[in-house]
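Trainee: predicted model and sequence follow; I will ask about them next.
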Amino acid sequence: SGARVRRANSKRLPQYMERGLDVKFSDVAGLGKIRLELEEIVKFFTHGEMYRRRGVKIPGGILLCGPPGVGKTLLAKAVAGEAGVNFFSISASQFVEIYVGVGASRVRALYQEAKENAPSVVFIDELDAVGRERGLIKGSGGQERDATLNQLLVCLDGFEGRGNVITIAATNRPDILDPALVRPGRFDRKIYIPKPGLIGRIEILQVHARKKPMAEDVDYMAVASITEGMVGAELANIVEIAAINMMRDGRSEITTDDLLQAAQIEERGLLDRKDRSPEMWKQLALNEAAMAVVAVNFPDLKNIEFLTISPRAGRELGYVRVKMDHVKFKEGMLSRQSLLDHITVQLAPRAADEIWYGEDQLSTIWAETADNARSAARAFVLGGLSERNYGLSDFWVADKLNDIDLEALRILNMCYQCAKEILHRNQKLMDAVVGELIQKKSLTKQEFFRLVEVHGFLEPMPPNI
Ligand code: ADP
């Protein structure tokens, strides 16, 4: 009867298998070097025999660590897709059940299926839900979880060295995992997937744009530069929203504007989670508007991409996207004048506070940008750019330190006066931008320059820098 049971089992439809997946590495963008590590995992499947012959140990499990939405699930699917093997997945939060034993039996069933349909990738999402260090949770819930975790450990060990079932798990909290899980032979390989940088965001947008009717001249850089802090899932959403926008207007191509607007909508979706007083909103708007308005004065910084006061991941306060020449900036090749302009823009929030609230009611919102200005001024002097000729070597000479700081202070004051003057002369524009920012929370470049057009921009008196 044993044989009959086994046959019945193998005919049972796999419950955890995902069919019809066709994900490839080319669907996952912005990975840089991480891709090489994943390609190696594919080789464990395709060249398993070679690894075994050479005595290379194939890891039992791979841990993908990183925040939600960066593409961990997508990557696990791509590994299966590239290797041409079956994909089984479950979220560890589904393991955690009220009844003792249910979680453990699910783990067993999952691995049973994966083995019967090997070679295969088993993907466990939210591993920390079950993999938290044992003994941390009290009561029967904790007991159940421990049983599940033990079962998982047994299953992982059972496949050690075979290489035809590889477990990939995802977590945002590798630090709280039970040490037993990360022991050699288990999840002994950790791969960190960070949020994408500027280039990564461009690449992710482009991957999702592949299947959409994009206009020829779409400026992905512009969209990427206003979406700092966003992850792949959010960027994918932006392309979808932009497509809907296009259809609604009865157009046949997605434009840069569609994408920029979609980015705002996506961002607004994350908005207003914090309750801020009207006064706080106003102060934030004033600070951001000040930077944007002062930046209008400078050719190098004029290209304002976006301004917002919405709370975003990793950004407590608002930000203005003032586009600088990134490459030149990195290579230290920004001109002397554009560095001064940069300092002036960074001092704008402080200047606005003084004008609108007065010396004795200053907030501290401008502290961060004022700090940027201070270090930029110091770099300016030490870089030998000020007319009093100091250089890096002077940094080590004690009695010159004071002089350097004094010279930096002189530069700061000069820039500060310039910022103040620009704001003084453009109060109407400022009020308009502040008003609209408070209302909409974010303004695109077009919306901002429309206000500049309507209210006009007055240049400051020629400064004597
Ligand atoms: P995670 O598992 O890290 O929470 P997912 O893999 O579920 O993230 O990502 C959700 C969706 O977001 C994916 O299906 C894909 O459309 C998009 N996405 C996320 N990261 C990327 C990326 N690096 N490249 C392309 N698309 C991505």
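Mentor: Sure thing, it's come through.
Trainee: mind pulling up the pLDDT for residue 323?
Mentor: Residue 323 is assigned 45 on the pLDDT scale.
Trainee: checking my notes, residue 386 in a strand, right?
Mentor: No - applying DSSP: H, G, I helix; E, B strand; the rest coil, one finds residue 386 to be coil, outside a strand.
Trainee: give me the number of residues near it?
Mentor: For residue 386, the count of nearby residues is 18 (other CB atoms under 10 Å). Backbone N, C-alpha and C define where each C-beta goes, glycine included.
Trainee: does it touch residue 380 like I think?
Mentor: Yes - between residue 386 and residue 380 there is a contact at 6.1 Å, judged by CB atoms under 8 Å.
Trainee: so what's in contact with those two at the same time?
Mentor: Contact criterion CB atoms under 8 Å, 6 or more residues apart in numbering; residues shared by residue 386 and residue 380: residue 411.
Trainee: what's the spacing between whichever residue of the stretch 251-400 of the chain sits closest to the ligand and residue 204?
Mentor: Nearest to the ligand, among the residues of the stretch 251-400 of the chain, is residue 266, at 12.2 Å (CB to the nearest ligand atom). Separation of residue 266 from residue 204 (CB to CB, to the nearest Å): 13 Å.
Trainee: in terms of neighbours, single out the busier of those two.
Mentor: residue 204 (29 against 21).
Trainee: so that one touches residue 230, yeah?
Mentor: No - checked against CB under 8 Å, the pair residue 204 and residue 230 is beyond contact range at 9.1 Å.
Trainee: mind listing the shared neighbours of these two?
Mentor: Common neighbours of residue 204 and residue 230 are listed as residue 196 (criterion: CB under 8 Å, 6+ apart).
Trainee: okay, now the unreliable bits of this protein?
Mentor: Counting by pLDDT under 70, the chain has low-confidence residues at 1-12, 95-101, 133-145, 159-163, 269-276, 299-305, 310-334, 389, 391-398, 462-465.
Trainee: number of nearby residues for the residue of it at minimum distance from the ligand?
Mentor: For the chain, the residue closest to the ligand is residue 232, as judged by CB to the nearest ligand atom, at 2.1 Å. As a burial measure, residue 232 scores 25 neighbours (other CB under 10 Å).
Trainee: ok, the residue lying closest to it once chain neighbours are set aside to residue 51 distance?
Mentor: For residue 232, ignoring the flanking residues on the chain, the nearest one in space by CB to CB, 6 or more residues apart in numbering is residue 71 at 4.6 Å. According to CB to CB, residue 71 and residue 51 sit 26 Å apart.
Trainee: what about these two, which has more around it?
Mentor: Higher neighbour count among residue 71 and residue 51: residue 71, with 25 against 16, using other CB under 10 Å.
Trainee: up against the ligand, what does the protein have?
Mentor: Selection of the chain residues close to the ligand by CB under 6 Å from any ligand atom yields 28-30, 68-74, 170, 204, 207, 232-233, 236.
Trainee: top of these by neighbour count?
Mentor: Each of the residues of the chain next to the ligand was scored by neighbours using other CB under 10 Å; the highest score is residue 204's, at 29 neighbours.
Trainee: please name the residues that touch it.
Mentor: Residue 204 touches 29-30, 196, 232, 235-236, counting by CB under 8 Å, 6+ apart.
Trainee: helices - which of those residues land there?
Mentor: 232, 235-236 (DSSP state H).
Trainee: got JSON lines for those residues, with distance to residue 121 too?
Mentor: Shown next, in JSON lines, are these (distance: CB to CB, whole Å):
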{"residue": "232", "distance to residue 121": "20"}
{"residue": "235", "distance to residue 121": "25"}
{"residue": "236", "distance to residue 121": "22"}
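Trainee: so which of those residues is the closest to residue 295?
Mentor: If you rank the ones in helices among the contacts of residue 204 by distance to residue 295 using CB to CB, residue 235 comes first, at 26.1 Å.
Trainee: the closest one contacts residue 201, correct?
Mentor: Yes - contact status for residue 235 versus residue 201: in contact at 6.1 Å, counting by CB under 8 Å.
Trainee: which neighbours do these two share?
Mentor: By CB under 8 Å, 6+ apart, the residues touching both residue 235 and residue 201 are residue 227.
Trainee: which elements pack onto the helix or strand that contains residue 373?
Mentor: Using DSSP states H and E, residue 373 falls within helix 367-382. Helix 367-382 sits against helix 336-357, helix 398-425, with contacts defined as 3 or more CB pairs under 8 Å, 6 or more residues apart in numbering; DSSP states H and E.
Trainee: which neighbouring elements make contact with the shortest one?
Mentor: Okay, so that is helix 336-357. Using 3+ CB pairs under 8 Å, 6+ apart: helix 336-357 touches helix 278-296, helix 367-382, helix 398-425.
Trainee: run the chain-centre distance for the last one.
Mentor: Same thing as helix 398-425. How far helix 398-425 lies from its chain's middle: 35 Å, per CA atoms, centre = their mean, to the nearest Å.
Trainee: switch to numbering from 459
Mentor: Renumbered: residue one is now 459, and that last one reads helix 856-883.
Trainee: which residues does the helix or strand following it contact?
Mentor: Using DSSP H and E, the helix or strand that follows helix 856-883 towards the C-terminus is helix 885-898. Helix 885-898 is contacted from outside by 739-740, 743-744, 746-748, 750-751, 765-767, 810, 813, 881, 901, 905-906, 909-910, 912-915, using CB under 8 Å, 6+ apart.
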